[in-house]
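A.B. asks: sharing a model that was predicted from the sequence below.
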Amino acid sequence: MQPLHSRTITASRARTTPLVNSTSTPLSVLQEVFGYAAFRDAQAEIIEHVVGGGDALVLMPTGGGKSLCYQVPAIVRHRAERGVAVVVSPLIALMHDQVGALEEAGVHAAFLNSTLTFEETQKIEREMMSGRLVLLYAAPERVTTPRFLAQLDSLQERGLLSLFAIDEAHCVSQWGHDFREDYLALNVLHERYAGVPRIALTATADDLTRADIIERLQLQSARIFISSFDRPNIRYSIVEKDNARSQLLRFLQDEHEGDAGIVYCQSRKKVEETADWLTSEGIAALPYHAGLDADVRKKHQDRFLREEGLVMVATIAFGMGIDKPDVRFVAHLDLPKNIESYYQETGRAGRDGLPADAWMAYGLSDVVNQRRMIDESPAGEEFKRGQRAKLDALLALAEAHDCRRVRLLGYFGEHSTPCGNCDNCLNPPATWDATEAARKALSCIYRFHQNGGQRFGAGHLIDVLRGKVTDKVSQYRHERLSTFGIGADVSEQQWRAVLRQLIALGHVRTEGEYNTLELTSTARFVLRGEVDMLLRQPIETPRRSRAGRMTRGAAAKDKAPPVPLDAGGAERFAALKAWRAEVAREHNLPAYVVFHDATLAEMARERPGSLDALAQISGVGAKKLEAYGREILRVLEPIGG
């Protein structure tokens, strides 16, 4: 399988000279610098538009090739003596990754951020002001400082400002899932440098967020390019919580033993507890959250990027800008805030285009907690309504009994057909009509209130509905209620699903520290039978067979090639990986910065015998061919077919 064109990977030093060739075309740059034969999807059209001086808003999925959409124009325009492209990037990790990969490919790039010394900053500023830099990455708060703007003014006066790229553009929107106030000041780029093309890029933006990006960045005249949001290599699976730790452990052991992955948790405490627990179960895991010391976070992130098979347990503080291509799974132990967050986070799996999993466990407590966070936030009511609608859409995805991918893509306005590669397509769930059960639950909550004005939580409600005599039931004499035992034929798991839906749909709300249940004004529509509820039948998550694609974990344990190879090919692949590891250690780089697994696998399969033949391998650009070509041929030569 050809690797994704846009892979940009982690840090190295500036040790190359800028390429100069005023006759360069976008396609020649793609082939010469990045080692790919052709553009994919809308990349060529976007790049031609920006090279020609046009503004663009690009919506493209994670792993879909966004980086090339500004890197190639930056190189082409630089070779035409247009100077420096400024890339606005929100995270230090992203800057390091992008710059490191560009330098490895022979493109002179740098970043300005807080990790640099004063002397290092001055050196990079001199390179920028000379116009020798091709791309400069900087945070939005730096780009809008008077000092930096004065430097941009000077570049503009000398015709050395080639373009602006605004990455993670959804950060400018209050409706987006990563709103950052510093992005709001970026409208200065249009007002101050109207003749310089701008390209804004994001992987996640619904219609409301998209409109916000256009307005706040003044992109009304920009061409809008919307690529498919589909990531067909990712399998989506969502399970109801039933001892979530055991469910996660089974998922990892059955399918991803020895694989690199990310486990997302909502709280810092849960991150640390989960990482410790996974370690105790023999799984190499590290915690990452904003409360950790900055040096610890950096150490853990560097280990995740450089070592194979590590699991990062993290809050949402980790992830954006992490370009590690071989993340084989993303798991959620808590419900995200909305579909945008879910899509962005799951999109960090399988960036190399090879099979990956997005797995999530959720339960009633997740729904309650997310609802409470929205209701108790200091935001205005309009914003809260928007957040509730987004949460409802995510819950609809989680509760769905039809194709997950169809639902997910439909949220972003994209029509699709059943994918055959999500849990619902592979194991279609049974459904049951929960309309009458919902009426019984609401009736019972109403009886609680009538019987002394008391409010109770979900656990006690389910006990009463199922006719279970507990100390609390006896204390409040709830065995005398007319609703006692009327739901004995419905399992506890089914009742929790009913309550999740009632809370998600706004017919019941939770109150106070103990999450007691209270009817809302719309509950009467359910009680009158005007609302139908068709729910998934709770089922045990099947243990997948050890045969075929469903056992990627077992293959990962033996570090098998990402594509089928014969015995000789597998031996060559192993030798190439050993060589790559030595090079990575020597240069202090993650191994995938040197070459991706997919590129090594193609070398092992094709066994090129000359530099010209090696140059035809996808992912081998001119700079890497010059730097590593003869060594690769020496590694391959003695190993037979």
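C.D. replies: Yep, that arrived. Residues are numbered from 1 along each chain as shown.
A.B. asks: which ones are touching Leu492?
C.D. replies: Quick fix: residue 492 reads Glu, not Leu. By Cβ atoms under 8 Å, 6 or more residues apart in numbering, the contact set of Glu492 is 462, 466. Heads up, the C-betas are built off the backbone N, CA and C, glycines and all.
A.B. asks: what's the answer for Ala185, then?
C.D. replies: By Cβ under 8 Å, 6+ apart, the contact list for Ala185 reads 140, 144.
A.B. asks: list phi and psi for it.
C.D. replies: Main-chain torsions, Ala185, degrees, to the nearest 10: phi -80, psi 0.
A.B. asks: could you measure it against Arg210, distance?
C.D. replies: Going from Ala185 to Arg210 by Cβ to Cβ, to the nearest Å gives 20 Å.
A.B. asks: ok, and the helix or strand in the chain with the lowest average confidence?
C.D. replies: helix 552-557 (a mean of 37; mean pLDDT, DSSP states H and E).
A.B. asks: and the next element down the chain from that helix?
C.D. replies: Later in the chain than helix 552-557, the nearest helix or strand by DSSP states H and E is helix 567-587.
A.B. asks: now do whichever helix or strand comes after that following helix: which elements does it pack against?
C.D. replies: Using DSSP H and E, the helix or strand that follows helix 567-587 in sequence is helix 591-594. The elements that helix 591-594 packs onto, with contact taken as 3 or more Cβ pairs under 8 Å, 6 or more residues apart in numbering; DSSP states H and E, are helix 92-104, helix 567-587.
A.B. asks: so which elements touch the longest one?
C.D. replies: Pointing back at helix 567-587 there. helix 591-594, helix 597-606, helix 622-636.
A.B. asks: what mean pLDDT does the first one get?
C.D. replies: Spelled out, it's helix 591-594. For helix 591-594, mean pLDDT rounds to 84.
A.B. asks: likewise stretch 474-486?
C.D. replies: In this model, stretch 474-486 has an average pLDDT of 92.
A.B. asks: pull the distance from it to the chain's centre.
C.D. replies: 47 Å (Cα atoms, centre = their mean, to the nearest Å).
A.B. asks: that stretch spans what distance, first to last residue?
C.D. replies: End-to-end distance for stretch 474-486: 17 Å, by Cα to Cα, to the nearest Å.
A.B. asks: hang on, the earlier thing: tell me the most buried of the helices and strands packed on helix 567-587?
C.D. replies: Burial of these is given as mean neighbour count (mean count of other Cβ atoms under 10 Å); helix 591-594 ranks first at a mean of 25.
A.B. asks: that older thread, need the helices and strands packed on helix 591-594 in TSV (columns: mean neighbour count and mean pLDDT).
C.D. replies: Shown next, in TSV, are the helices and strands packed on helix 591-594 (neighbours: other Cβ atoms under 10 Å; pLDDT from 0 to 100):
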stretch	mean neighbour count	mean pLDDT
helix 92-104	24	83
helix 567-587	17	90
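A.B. asks: quick check: which of the ones you listed is nearest to Phe179?
C.D. replies: helix 92-104 (17.4 Å; Cβ to Cβ).
A.B. asks: counting by contacts, list what that closest one packs against.
C.D. replies: Here helix 92-104 touches strand 109-112, strand 135-138, helix 591-594, going by 3+ Cβ pairs under 8 Å, 6+ apart.
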